[in-house]
Every structure is written in C-alpha cells, then in structure tokens.
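> Next come a sequence and a model predicted from it.
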Amino acid sequence: MIFQSRRQPERLPQSYIPTQFRSLRQSRQPATNLVGSQLPMVKVDIVIFSQLSSLPTMIQNTLRGLDLITIRGVTKTFEMGKERVTALAPIDQQINKGQFVSIIGPSGCGKSTLLRLIAGLDDVTEGEIKLDTKGVKRPVGFVFQDAVLLPWKSVIDNIRFPLDCAGVKRAAGDKRAQELIELVGLKGFETALPKQLSGGMRQRAAIARALADDPPILLMDEPFSAVDLLTRETLNDELLQIWQRTGKTILLVTHSVEEAAYLGTQVMVMTPRPGRLKKTISVDLPHPRGEQTKLDPNYHKLVMELRQDMRGKT
Amino acid sequence: MLKRGATGLLLIFTLWAGGVYLFQVPGYLLPGPGEVLERLVFLYKNAQLTTHIFVTLTEIFWGFFYGSLIGIGVALVFARLPILERIATPFILLLQTAPKIAIAPLLLLWLGLGPAPKIVLVAVVTFFPVMTGMLTGLKYVHKSYLDLAKVLKLNRWQRFLHIELPSALPTLFAGASVATTLAITAAVIGELMGANKGLGYLLSAGQENADSATVMGMVLLLSLIGWLFYEIFELMRRRMEARFSDV
Amino acid sequence: MLARIKPVFEYGIALGVLYFVWWYASVPMAMPKYLLPSPGDTLNALWTMALENKLQPHLYYTSQNIILGLLIGSVVGIALAYLLYRLPRLSAILDGPLVVFQTAPKIALAPLFVVWFGLGLGSKLILIFSLVFFPVLLGALAGFRGIDSRMNDLSKLLELNIFEQFFKIDFMAALPGIFVGLKIGAVQALVGAILAEWISGQQGLGFLMTLATATYKTPLLFGAVLLTSLFGIALHVGITAIEHFALSWKAQDDQ
Ligand SMILES: Nc1ncnc2c1ncn2[C@@H]1O[C@H](COP(=O)(O)OP(=O)(O)OP(=O)(O)O)[C@@H](O)[C@H]1O
Ligand SMILES: [Mg+2]
C-alpha cells in the first residue's frame, strides 16, 4: 500500500523482515494475548497501577521501551468564570503498542478530557503526555460520539478528507478511501451524503475517516452510544476485526462494562470528583473474541468486577 | 444589549470627534459632533425641529400601529382558517419579496405630500414581519402542549388564550423588532421622496444645500430613534421569550 | 415532477389574479389615467422604450450596481464575520458599534455619501454596500458561531491552517446562516440602488421613476415600479435557487 510506506517508512515490505520477526509482525495481537490464548485456563489478572510503579526501575524501564503512550503526572483543570473544576487529578499510565484499552467510569470522571488531552485537542495543565510516534505526522485518529461528518461531502469524500488535507494525490486518496470503505462495510454507499445514512453507517464512515491517513493510535469517545444495541454489537465485532487487521493501538471510552470487557485487552477504570485512574485491569480473554467470549465464565467474572469497581467498592 | 449599544455609541462618538479634530477634516465633508450639535440647536430654535421630529414619529407610530394590527389580524385569520392561508400564500410571498419601497412614488402620486403616503408605506413594511412572526408562533406550538390542551379538554378559545397566544408572543415580538428598523427606513424614504415636514424632509433640504451638518444631525436623530425603538422591542421580546418560550 | 410544477403554477395564478385586479380597476372601473394607468398602457410604455433601446441601459445600470454591491458587501461581510468569530477580543470591542450601526437607518446616510463620493457610481455602490454588509455580517456571524465545536476539533486533529479551515470546513458549515443574511441583503441592495438613483443619478430604474414623475408619465412610472418589483422577485428566486443547490446536503428536518 502506497500509504503505509509513505507515512510510515519504518514499515518495510515483508521480505525485508528477518523471518524470526515476521510472525510477530504479522500477528498484530499483543504478546500477552498470544500467551494467554495458548493457556488452557484464562485467569483475570488484576494489576493495580500503583503496584506497577513499585516494581524495580529496571523492569519499569524495559516496559517503557514498548510504551506508545506515556502519561506522566497529568492533571487538567477548567476555569469556569471564577470557579476552577479539577477534571483530572494526577494520572500516570503507560499504554503499549497494539493494545486495545477500554476506559470506563461514571459520568464526569474525565474520560473525554483524558482522550482530548492525548489527541492534543486540549492542553494539559500539569504533567506530560508523550507519544512514541516518531516520523508520523498525524499520530492519532479520533472518533467522536456522533460521527461529525462534513454534511456537504459524500461518504468517500469524507473518508478521503484527511488525505486531501495532507496533500495526497486524488487517485491515491480514492484508492485508499475505497479500501477503507470496504473495511468498514460501506460498499455501495460511496457517493451517499451523510444525511442519507443511518446512525450506525455514519459511525462506520467516521471510523474509516479516522483511519484514512493510517495513524498508529485510534481514540474513540463513546463511539457507539448513539446506535441501537444490535448495530452496536455488530460494530463491536467489526472494530475488533479492524484492530486485528491493522494493528492499531485503540483507546475506547464507553459506558458499558460489557463492551469494555468484550473489546479490551486492558480496562482503565476511572472515578470521579476529581477524575482519577482507579486501576488498570488487563483482560486475558482469548482472541479472536466472538459469541463464545460472551459465554465465557471469566468474561462474566470480569464484568461483575468492573461493575463493582464502577460502583465505588474497592 | 442596551449597555453594549451605549458603549458602542460612546466609542463611535470618540472616534468621530477625535478623527475630525486630528485630521482637520473640513466641515462640509464631515462636521464634528460639536458642529452638528450646534446645528441641531439652531434648527430647534429657528426651524421648529421639534415639529419635524413629532411629524416623523407620528408617521412611524400610526404606520406601525396599523401595520401590526392588520398583520396580527391576518395571522389570526390564517391560523384559524388554514385554507385561506393556503390560498393567500403565493400572494403574500410575491408581495413580500417585491421591494416595497418601490411603490413610494405611486403612494406619493395617489396620496399627496402629507403624512398619509408615509403612514401607508410604514404600515406595508411593518405588516410582513409582524404577520409572519405571529403566524409562526401560532402554528408551531410545542406538540406536548397541544397534547396537554387535549388532555385538559380545553375549548378552542381557552386553547388560544392559554397556549397558542403565549407561544406566539416571542416570535411576534421578534417580528416586531425587525419591523422597527424597516418602519423608520420607510418613513424616511417616504419623506425623502416628497414632503414638507419631517426629519426626512430636513435631510433632503440639507442635501440640496450641501449642508453636511444638518444631514449628519438628521442621521444622528434617526439613528437614535431607530436604536431606541429597536431596544424597546428587543427588551419586550426577551421578556416574552424568558416567560413563554418553552410553550 | 408535479411538486416542482406546483409552486410555479400557484405563483402564475397569483400573478394572474393581481394582473386582473389591476386591469379591472383601471379599465372597467375607469380610474383616472394619471392615477392608475391600465396594464396595457403600462406595458406599452415599457415596450416603446425597449424598442428604442432606451430601457435596456437603465436596467443594465441598476442590475450592475446591485450585483457589484452585493458581491463586495458579501465578501467583506463574511470576512469581517470570520474575524470577529476568530478573535473574541475584537468582537467584544466591535459588538457595541455594530449594534448601533445595524439599527441605524443607513439610507439616511445616502446624502452624505453623495457629498463624499460624488454623484457617480461611487456613492451608489457605497450605499448598497452599507445596506448589504450588515445583514450578511450578522447572518455569517450566526453561522460561524453555530458551528459544532467538534468541527473545530476536527480541524485541529487534521492540523489545518486557518485558510484550509475556513475554505474546507467553516465556510461551508456557516453557509446556511450566510444565505439567511444574503437573502435580506439582496432586497436591501435593490432598495439601496433604487434610492441612490432617486437621490442622484442620470440612469437606472430609480432615475426612470423620478423622470416619469417629473414629466407626468404615469404609465412609465408604473412600468418602472413593476420592473423593479419583478427584479426583486427574480433576485430572490435566483438566490433561493442557488441556496437550494448549495445546501442540498442539509438534512430536510433542519433546513
Ligand atoms: N470545556 C470544559 N469546561 C469546563 N469544564 C469542563 C469542560 N470539559 C469538561 N469539563 C468538566 O470536567 C469534568 C470531566 O468531564 P468529561 O467530559 O471528561 O467527563 P466524562 O468522563 O467524559 O463524562 P461522560 O461520561 O458524561 O462523557 C466534568 O466535571 C466536566 O464538568
Ligand atoms: Mg465524555
């Protein structure tokens, strides 16, 4: 693909990659899952983040080597007139390449704020957020709660929009957009206007647009909360497939603990007033996930636990 | 809004006076505020300025009164008899899009130089926004309130008095506050076309004598009148909106 | 198809009825000719002028002024609206004066414009401009201020510069508001053009009206008024058609 070699020169053609690494490159699943899926029993492994920071520095540093997103001591306060609202108390977190991180927490705990900070839409008050994405011009794609498509552009024009803005040639842009349209299952609707699409289809187009210039990180703020339950489940499965096929690092905010557990390789649980990270749970449910995941007792255990965490029971 | 307008006025005055003073603008091009005020005092003493103001205000008042009265009446009839509205819509739209001031010369021809043609012109330009505002409000009552009226078994008259009318007030006043600016413009145009009294008459007299101070004085007075009218109606509109806009 | 023809049909009937009323009042009711000439006399007066090629220059002059004034007024109005939208501090300063200017009857400035810019094109264009500018400014400002804040997020994510953001996103998003202002502005432009020709001028539909009044040619006066009204309607229909085309992407329920 022209695009990937253009934007991510470090991604070499397959033949240039030594064979022993090729399998790792090809399977875009995080290493933990590879291990997890080989184990007969899957244990839900809870890592409270404060415990991680008490690990020896050497191990911490090694882990950091894989980090794509490093959030260090980040706070955010909003000034509303004379009042100051602390949206985020200091937050530390590291997110590895290729992870699918679900973020849950009650309303107002700063999930959207955190995502906007990572995307660079707002500036942090204190601390820093580092993205290890050297050489990538636009490292994050963002999917809003509603699609926020440009209503005067057709589906394909909307999806190609980031490429147009980056000065990519029309023909190449069309080719890439067409691939994405197929990826998100919108074939046949290329020339439709947003008003002619259903909510779920609009959201698919928005996801395709976020993926258009191939950002390594995809941030999604309650992307499916405006669509009905059935569509939502379909979109969830499609998102998992996209994640596996593209190897993106995805951060997804949701209100649904089921969705968080079903999709994530990790779940970040946040608490409000002031918004802080309560814990990070790594999910060891096997991949690929599907209907059988929803029957998995471990899945139910995890959902239960997340629910309790949300309710504030420690 | 009132405060914003007042500070705006102050800013304009300061710039005006400062500009005229700094750049030594000749009086025939742009007289300073002092000169204009002097001229207004002169006109007050020697040319019955108050009469002229009174004439213009009367024209605006009666024109606005009749225009609104007919506008509200027509809106009520249309709301009650949708068939009539259906029939009248093409006429209304046609007349609404036609530039109303174009008929000023005809009115002058028919009604002479007195206040009558101005009152008619003001009424004509007032009619449309008021009628549209009223009709919009009457027709687009929030659906749940109509349901409420049904549940409470209100009769037509009760429904009109307690639900439709309150709902129409905000848009009615929005239409009226649009109409104020139009009304003043119409009165001035009528007087510019031909009159022997009124601020528009003084304006054209000032133009003919290349008397910039008088022209500027009239501009000031008319702006002041326009602004006050607008603010009054805006205030009422906001009151109505605060009270009734949920209906 | 039927839905398309229907409005044309309705307006046709409405025009026909108005024509009939005019005819009835002037011919069978025999109103005095100097007060109400018959439609036939009026059209005849126009037709004679047109045959001698004396009508066309007037029409051309007025339409040229209107279109120029509309263009300049819209461009400047939209540009200033965008500046005000982007620079809240500027808008805090300018809001006050703008409110005053907006409510001021700008046509009262017409005589002053004549003093400043002479009897020619300049004073007329300035008058039209001052009338078009404010409605477009306010419409565009409402349009810009109503832009979904996530559209701005999108611009930021795509790292658009200010021009890209304006041309690719903000202008289109504000278009509905701009058209609201433009439709008011178009009527105002016509009013301004006619008025400017009343006050001073040797050409144009407005001049034709004053000429007809001065020479007691009532049919010609009626003809000029009729042409002006038709011009206004045509202008409105034209802009509405452009709007319809340019905003065809909008969902029906919020149009
Ligand atoms: N632009 C802003 N100005 C002022 N306060 C804000 C702003 N954005 C967010 N906040 C405050 O920051 C806190 C966190 O908001 P945020 O939108 O991140 O919550 P959230 O977890 O996404 O909630 P939800 O689940 O309802 O979307 C809230 O208390 C909110 O009031
Ligand atoms: Mg949120």
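Nice, I can see it. Residues are numbered from 1 along each chain as shown, chains lettered A, B, ... in the order given. Ligands and ions are numbered 1, 2, ... in the order given.

> C:G201 is in contact with C:M209, isn't it?
No. Here C:G201 lies out of contact with C:M209, judged by C-beta atoms under 8 Å, at a distance of 10.8 Å. Backbone N, C-alpha and C define where each C-beta goes, glycine included.

> Within range of chain C, give me the residues from the stretch 101-250 of chain A.
On the criterion C-beta under 8 Å from any C-beta of the partner chain, chain C has as its neighbours in the stretch 101-250 of chain A the residues A:116, A:119-121, A:137-138, A:140-142, A:144, A:146, A:148, A:150-153, A:161-162, A:164-166, A:193-195.

> switch the cut-off to 7 Å
A:119, A:121, A:138, A:142, A:144, A:148, A:150-152, A:162, A:165, A:193, A:195 (C-beta under 7 Å from any C-beta of the partner chain).

> Just the CA trace of the lowest-mean-pLDDT helix or strand in chain B, in CSV.
Sorting the helices and strands of chain B by mean pLDDT, DSSP states H and E puts helix B:143-151 at the bottom, at a mean of 73. The C-alpha coordinates for helix B:143-151 follow below in CSV (Å, rounded to 0.1, in the frame of the first residue of the first chain):
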residue,chain,number,x,y,z
LYS,B,143,-46.6,19.4,20.4
SER,B,144,-46.7,18.3,24.0
TYR,B,145,-48.6,21.4,25.0
LEU,B,146,-51.2,20.7,22.4
ASP,B,147,-51.5,17.3,23.9
LEU,B,148,-51.9,18.9,27.2
ALA,B,149,-54.7,21.0,25.9
LYS,B,150,-56.4,17.9,24.6
VAL,B,151,-56.0,16.1,27.9
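
> what's near enough to touch C:T62?
C:193, C:204-205 (C-beta atoms under 7 Å, 6 or more residues apart in numbering or on different chains).

> low-scoring stretches of chain B, by residue?
Across chain B, the ranges flagged by pLDDT under 70 are B:1-2, B:4-5, B:144, B:245-247.

> for chain A, what spans make up the helices?
Per DSSP state H, chain A has helices spanning A:2-7, A:19-26, A:31-38, A:49-53, A:57-65, A:111-119, A:155-165, A:170-183, A:199-211, A:229-246, A:257-263, A:291-295, A:297-311. These are given in chain order.

> ok, the one residue sitting closest to the centre of chain A - contacts?
By C-alpha atoms, centre = their mean, the mean C-alpha position of chain A lies nearest to A:I250, the distance being 1.8 Å. Listed by C-beta under 7 Å, 6+ apart, the contact set of A:I250 reads A:100-101, A:218, A:220, A:243.

> Return the residue spatially closest to residue 210, with its sequence-adjacent residues excluded.
No chain specified, so I'll use chain A. Leaving out its chain neighbours, the residue that sits closest to A:A210 by C-beta to C-beta, 6 or more residues apart in numbering or on different chains is A:G141, at 3.2 Å.

> Chain C is the one I meant
C:W198 (5.7 Å).

> Can you tell me the element the one you found falls in?
Assigning secondary structure by DSSP states H and E places C:W198 in helix C:171-199.

> Just the buried positions in whatever helix or strand comes next after that helix, please.
Sequence order places helix C:205-214 as the next helix or strand after helix C:171-199, per DSSP H and E. By neighbour count on 16 or more other C-beta atoms under 10 Å in any protein chain shown, the buried set for helix C:205-214 is C:205-210, C:212-213.

> Likewise for stretch C:60-69?
Applying 16+ other C-beta under 10 Å to stretch C:60-69 flags C:61-63, C:65-66, C:68-69 as buried.

> Put together a markdown table for the residues you listed, with pLDDT on each row.
Formatted as a markdown table, the buried residues of stretch C:60-69 follow (pLDDT from 0 to 100):
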| residue | pLDDT |
| --- | --- |
| C:Y61 | 93 |
| C:T62 | 93 |
| C:S63 | 92 |
| C:N65 | 93 |
| C:I66 | 93 |
| C:L68 | 94 |
| C:G69 | 94 |
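
> and the residues you listed as JSON lines, adding secondary structure?
Shown next, in JSON lines, are the buried residues of stretch C:60-69 (DSSP: H, G, I helix; E, B strand; the rest coil):
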{"residue": "C:Y61", "secondary structure": "helix"}
{"residue": "C:T62", "secondary structure": "helix"}
{"residue": "C:S63", "secondary structure": "helix"}
{"residue": "C:N65", "secondary structure": "helix"}
{"residue": "C:I66", "secondary structure": "helix"}
{"residue": "C:L68", "secondary structure": "helix"}
{"residue": "C:G69", "secondary structure": "helix"}
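
> residue contacts, the most centrally placed residue in chain B?
When C-alpha atoms, centre = their mean is applied to chain B, the residue found nearest the centroid is B:T180 (1.7 Å). Contact partners of B:T180, counting by C-beta under 7 Å, 6+ apart, are B:229-230, B:233.
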